[in-house]
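In: what follows is a predicted structure for the sequence shown.
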Amino acid sequence: MKEPIILFDLDGTMVDYDNAIKRDYYFYKNPNDPHYSHENKKISHLRKLIDLIRCKNGWWLKLTKNKLGFDIYNIAIEIGYKPTILSKAPRNCPNAYTEKYLWVKENIGDIDVIISPNKTIVDGLVLVDDYPKFVDPWLNEHPDGIAILPKNENNDGYSHQRAIIYDGSNITEVKCMLISHIQKNNIVDVNVCGNHYFLEPTIKFKWISKMVLISGGNNFQRVKRLHQWWVDKNTGNGEWIIVDGLDEKYL
């Protein structure tokens, strides 16, 4: 049975890296240099400028929190996941390694921190990372894992069947994805999700029959779906919701 490890990236996920690097880039750049973008930053002399900014002592320590990342972090803790920080650091900026570690201790607390140039070697149930360049290889290496990407320009238009983009408006979808995944892995008894909770004894399968056309004739398809009884903490009202998708089909 796997531990319920959820891996959190730092830059662009838990940390508001993009706004900080853009701010300093526009402060130091020459008037004729182009606007900051993920394409332009590959230009040689701009790459050097960005490295000079990031390698300045104390730069990483001053970065602010990214709300989207902390939204996911708090939900994961509530559900029962065990968080671990998984981040890369510029190889030519030795201070980044220490400062990232110190930032985590100051802003998150006493949790494990892994700094690795290759994120695929680290196992977990979930990866929370804003950058598809790192998400895709990790999902390929961990076929039972899922990913959550805090929304930014890095992942605009990104899609993967085992990943979801969190933009601040779909928190319920993120919660249910995390709950469903931890249950499928038989990790812990989950009993809290935001303003709702579900009662374990009320788990049941409901049969839904619908008319389908098969080989020119009518037939019924029975779809078995997992439902749970969810109760609103504020009102006490309850309803059956689909926790898992299609479980079994019978014709």
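Out: Nice, I can see it. Residues are numbered from 1 along each chain as shown.
In: how long is stretch 76-83 from one end to the other?
Out: Length of stretch 76-83, first residue to last, Cα to Cα, to the nearest Å: 8 Å.
In: can you list the buried residues in that stretch?
Out: Across stretch 76-83, burial judged by 16 or more other Cβ atoms under 10 Å covers 76, 79, 80, 81, 82, 83. Yep, even glycine has a C-beta here, placed from its N, CA and C like the rest.
In: again with stretch 52-68
Out: Quick answer for stretch 52-68 (16+ other Cβ under 10 Å): 53, 54, 59, 60, 63, 66, 68.
In: quick one: contacts for the second one?
Out: Remark: with contacts taken as Cβ atoms under 8 Å, 6 or more residues apart in numbering, residue 54 is in contact with 21, 60, 90, 93, 96.
In: element containing the residue lying closest to the second one once chain neighbours are set aside?
Out: To tie it back to what came earlier, the one meant is residue 60. For residue 60, ignoring the flanking residues on the chain, the nearest one in space by Cβ to Cβ, 6 or more residues apart in numbering is residue 99 at 3.6 Å. Element membership of residue 99 [criterion: DSSP states H and E] is helix 94-107.
In: okay, now the sheet partners of the following helix or strand past that helix, with direction.
Out: Where DSSP H and E defines the elements, the next helix or strand beyond helix 94-107 is strand 113-115. If you go by DSSP bridges, strand 113-115 pairs up with strand 82-87 (parallel).
In: ok so, going back, of the contacts of residue 54, buried ones?
Out: 21, 60, 93, 96.
In: check the third one and give its pLDDT.
Out: Just to be clear, that refers to residue 93. At residue 93, the model reports a pLDDT of 88.
In: dump the residue contacts of the closest residue in space to residue 89 that isn't next to it in sequence.
Out: For residue 89, ignoring the flanking residues on the chain, the nearest one in space by Cβ to Cβ, 6+ apart is residue 96 at 4.1 Å. Residue 96 makes contact with 54, 55, 60, 89, 90, according to Cβ under 8 Å, 6+ apart.
In: what's the farthest-apart pair in those residues?
Out: Using Cβ to Cβ, the contacts of residue 96 span at most 10.7 Å, a distance reached by 55 and 89.
In: just the buried positions in stretch 87-100, please.
Out: Buried residues in stretch 87-100 (16+ other Cβ under 10 Å): 87, 88, 89, 93, 95, 96, 97, 99, 100.
In: my guess is residue 3 contacts residue 83. True?
Out: No. Counting by Cβ atoms under 8 Å, residue 3 stays clear of residue 83, with 11.5 Å between them.
In: thanks a lot, catch you later.
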